[in-house]
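*Asks:* missing the sequence, but the structure's below:
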């Protein structure tokens, strides 16, 4: 009998700039602006910017609180 593959539905540990852009409905350039000018926390891993999902959610909540 064949082996079954498990499909993970868990969120990725880190998001790419492109992933964040898709989630926010903006272009990648805008995400880089958020990182470098607006304080979106990110890290550089292997030459690529990565964003922790919890950091993104916290940043969005702070942004929402300041824009009220």
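*Replies:* It's in. Quick caveat: nothing in here was measured; it's all calculated off a predicted structure.

*Asks:* got a list of contacts for the top helix by length along the chain?
*Replies:* Identified as the longest helix of the chain according to DSSP state H is helix 53-66. If you take Cβ atoms under 8 Å, 6 or more residues apart in numbering as the criterion, helix 53-66 is touched by 11, 12, 14, 15, 20, 23, 34, 38, 39, 40, 41, 42. (Each C-beta comes from the backbone N, C-alpha and C, glycine too.)

*Asks:* what about that helix, distance to the chain center?
*Replies:* In terms of Cα atoms, centre = their mean, to the nearest Å, the centre of helix 53-66 is found 11 Å from the chain centre.

*Asks:* can you give me the helices for the chain?
*Replies:* Under DSSP H, the chain gives helices at 17-24, 28-37, 53-66.

*Asks:* could I get these as JSON lines with mean neighbour count and distance to residue 47?
*Replies:* Formatted as JSON lines, these follow (neighbours: other Cβ atoms under 10 Å; distance: least, Cβ to Cβ, whole Å):
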{"stretch": "helix 17-24", "mean neighbour count": "17", "distance to residue 47": "12"}
{"stretch": "helix 28-37", "mean neighbour count": "15", "distance to residue 47": "14"}
{"stretch": "helix 53-66", "mean neighbour count": "12", "distance to residue 47": "20"}
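
*Asks:* let's have those helices in JSON lines, adding mean pLDDT and distance to residue 3.
*Replies:* Compiled in JSON lines, the helices of the chain are given as follows (pLDDT from 0 to 100; distance: least, Cβ to Cβ, whole Å):
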{"stretch": "helix 17-24", "mean pLDDT": "98", "distance to residue 3": "30"}
{"stretch": "helix 28-37", "mean pLDDT": "98", "distance to residue 3": "38"}
{"stretch": "helix 53-66", "mean pLDDT": "95", "distance to residue 3": "31"}
